[in-house]
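J.: Sequence and predicted structure are below.
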Amino acid sequence: MKTKDSQDVILGAQARLWSCSFNQMISMCLKCAIHLRIPDAIHKHGGAAAVPLTALLSTLQIPPSKTEPFRCIMRILAHNAALFNPEPKPSPDAADDEWYSLNASSRLLLSPGGGEDDDDKAAVEVRHTSSVLFLFHPLMQEPWSFLDTWLREDGSRTPWEIAHGTASFWGYLETRDPSGELMATFYDCMTNDSKLVGEVLVSRCRDMFDGVASLVDVGGGAGTMAAAVAKAFPEIKCTVLDRPHVVKGLQGEGNLEFVGGDMFLSVPQADAVLLKWILHDWDEENCIKVLKVCKEAIASPKGKLIIIDMVVDEKRLGERNFGEVQLCFDLFMMAMVNGKERTEKEWKRLFSAAGFSNYKISTVMGLRSVIEVFP
Ligand SMILES: C[S@@+](CC[C@H](N)C(=O)[O-])C[C@H]1O[C@@H](n2cnc3c(N)ncnc32)[C@H](O)[C@@H]1O
Ligand SMILES: O=c1cc(-c2ccc(O)c(O)c2)oc2c(O)c(O)ccc12
């Protein structure tokens with residue numbers, strides 16, 4: 001017979017395994033919330049205030065036979081996923097027992113024009129819906145079935161390549177995505193993120209642009225970051241460099257222009273070279289190649305690189321919503337494109353291998369940092 005204490009240890013251990021195994025169910029509840037537009041329903045009814053479950057059932061036209069499963073999903077979203085706030089009944093005699101309100105995370109899932117910025121009309125409208133749906137895209141889900149195959153085979157084939165054949169993620173976007181559907185989802189996700197990050201960069205990092213007359217955003221996609229810089233600093237000439245199929249049809253205006261090319265071969269000359277979410281896509285050898293081409297592009301001795309990427313903090317690995325997410329991004333980048341997230345030590349090694357003399361890390365962007373690197 002086991003002692004009572006050791007039985008408790010085993011029962012706790014079993015619960016932890018259930019919790020891990022059910023993680024995917026929690027993310028499927030999130031997907032369901034987006035498809036049903038539960039955040040819009042709460043917003044429509046209550047704005048910032050709490051809404052009773054019965055109001056949600058009627059707004060979303062959930063049939064009475066599904067009241068219990070809906071309640072269960074709402075509880076998981078509120079208590080496990082922390083996406084809605086469970087609220088106390090507004091008065092003891094209120095007919096409904098369960099009330100929910102939006103929190104900062106679920107507000108990011110409102111439909112465009114959802115109106116939550118009523119008190120700040122100038123704020124850019126930031127959304128995360130397409131970023132969630134991108135991760136749930138069947139093409140992005142399949143690679144996860146091949147983690148063990150990936151680990152056992154020698155060589156650099158990624159789980160993405162194991163799942164989808166030889167084309168890399170980038171090659172797939174370029175030649176194997178005829179409807180452009182994955183490409184559109186991916187760039188939606190990038191554009192959304194760049195709206196927030198662009199706003200943070202031009203408001204919190206203004207002094208990084210002192211003396212900068214030209215900027216090139218390498219791998220700048222649809223140009224959202226460069227547009228934020230171009231708008232905040234009308235005197236800076238901004239260029240977006242990306243692959244020709246990405247910038248095809250994109251028109252710059254004023255101090256913003258688009259150029260098709262290959263960052264491994266050449267980057268237009270500029271005082272500042274921006275690399276947002278680029279280097280985490282590549283292994284050391286490719287990063288050093290890109291960094292060397294960018295160094296060539298820096299026109300003035302006072303010029304610099306501005307890198308926006310994660311700096312993995314090993315002291316915070318277990319921390320919820322921080323190290324935990326950095327670790328997941330690390331695996332995600334390895335699995336999709338043979339990239340990785342880097343610690344400061346790893347960044348430092350890259351910069352010196354590419355011939356840069358100095359760098360400065362600013363932790364002003366949540367999970368990510370802004371790294372200025374000097375020639
Ligand atoms: C993860 S996305 C980041 C996009 C953008 N910087 C952002 O954060 O919103 C990486 C970008 O690198 C671009 N890219 C990949 N290979 C490239 C190359 N050889 N030359 C230029 N851009 C490239 C991709 O097309 C894509 O737009
Ligand atoms: O830089 C990247 C970022 C992301 C990404 C994924 C989910 C999100 O919610 C998000 O906001 C961003 O996805 C990538 C990817 O899938 C690649 O294959 C290559 C690069 C990236």
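T.: All right, it came through fine. Numbering: from 1, shown residues only. Ligands and ions are numbered 1, 2, ... in the order given.
J.: use CA for all of it now, contacts and neighbours both
T.: Noted.
J.: Let me know whether Tyr100 touches Pro86 as I believe.
T.: Yes. Judged on Cα atoms under 8 Å, Tyr100 makes contact with Pro86 at a distance of 4.7 Å.
J.: which residues do the two both contact?
T.: Common neighbours of Tyr100 and Pro86, counting by Cα atoms under 8 Å, 6 or more residues apart in numbering, are Ala78.
J.: How are the helices of the stretch 151-300 of the chain distributed by residue range?
T.: For the stretch 151-300 of the chain, the helices defined by DSSP state H, counting those that start in this stretch occupy 159-164, 169-175, 181-204, 224-232, 244-247, 284-297.
J.: so which of the ones you listed is the most packed in?
T.: helix 224-232 (a mean of 22; mean count of other Cα atoms under 10 Å).
J.: Excluding chain neighbours, what is closest to the residue in the chain that ligand 2 sits nearest to?
T.: Closest residue of the chain to ligand 2, Cα to the nearest ligand atom: Ser131 (3.8 Å). Of all residues not flanking Ser131 in the chain, Cys189 sits nearest, at 4.5 Å (Cα to Cα, 6 or more residues apart in numbering).
J.: which residues touch the one you found?
T.: By Cα under 8 Å, 6+ apart, the neighbours of Cys189 are His128, Ser130, Ser131, Phe134.
J.: got TSV for these, with neighbour count, distance to ligand 1 and secondary structure too?
T.: Listed next are the contacts of Cys189 as TSV, based on neighbours: other Cα atoms under 10 Å; distance: Cα to the nearest ligand atom, whole Å; DSSP: H, G, I helix; E, B strand; the rest coil:
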residue	neighbour count	distance to ligand 1	secondary structure
His128	18	13	coil
Ser130	21	13	helix
Ser131	19	12	helix
Phe134	20	13	helix
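J.: could you dump those residues to TSV with pLDDT?
T.: Formatted as TSV, the contacts of Cys189 follow (pLDDT from 0 to 100):
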residue	pLDDT
His128	93
Ser130	92
Ser131	93
Phe134	95
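J.: And the furthest pair within those?
T.: For those, the farthest-apart pair by Cα to Cα is His128 and Phe134; their separation is 10.1 Å.
J.: Quick one: the helices of the stretch 151-300 of the chain as TSV, columns for distance to Gly113 and mean pLDDT too.
T.: What follows is these, written out as TSV (distance: least, Cα to Cα, whole Å; pLDDT from 0 to 100):
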stretch	distance to Gly113	mean pLDDT
helix 159-164	35	97
helix 169-175	30	92
helix 181-204	14	95
helix 224-232	19	98
helix 244-247	27	94
helix 284-297	39	98
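J.: wait, which of these is closest to ligand 1?
T.: helix 181-204 (4.1 Å).
J.: Next, the angle helix 224-232 makes with the closest one.
T.: With axes from the mean of the first three to the mean of the last three Cα atoms, to 10 degrees applied, the angle from helix 181-204 to helix 224-232 works out at 30 degrees.
J.: Stretch 303-320: end-to-end distance?
T.: 37 Å (Cα to Cα, to the nearest Å).
J.: Buried residues, it. List them.
T.: The neighbour-count check on stretch 303-320 (16 or more other Cα atoms under 10 Å) flags Gly303, Lys304, Leu305, Ile306, Ile307, Ile308, Asp309, Met310, Val311, Val312 as buried.
J.: What is the burial count for Gly180?
T.: 14 (other Cα atoms under 10 Å).
J.: just checking, Ala272 touches Ile298?
T.: Yes. Counting by Cα under 8 Å, Ala272 touches Ile298, with 6.6 Å between them.
J.: Give me the common contacts of those two.
T.: Lys304.
J.: More neighbours: which of those two?
T.: Counting neighbours by other Cα under 10 Å for Ala272 and for Ile298 shows that Ala272 has the greater number, 31 against 24.
J.: who in the stretch 51-200 of the chain is up against ligand 2?
T.: Ser131, Val132, Leu135, Phe169, Cys189, Asp193 (Cα under 6 Å from any ligand atom).
J.: ok, 5 Å please
T.: When proximity is defined as Cα under 5 Å from any ligand atom, the stretch 51-200 of the chain approaches ligand 2 at Ser131.
J.: Tell me where the stretch 251-375 of the chain has strands.
T.: Along the stretch 251-375 of the chain, counting by DSSP state E, counting those that start in this stretch, strands occupy 256-260, 272-276, 304-312, 342-343, 358-365, 368-374.
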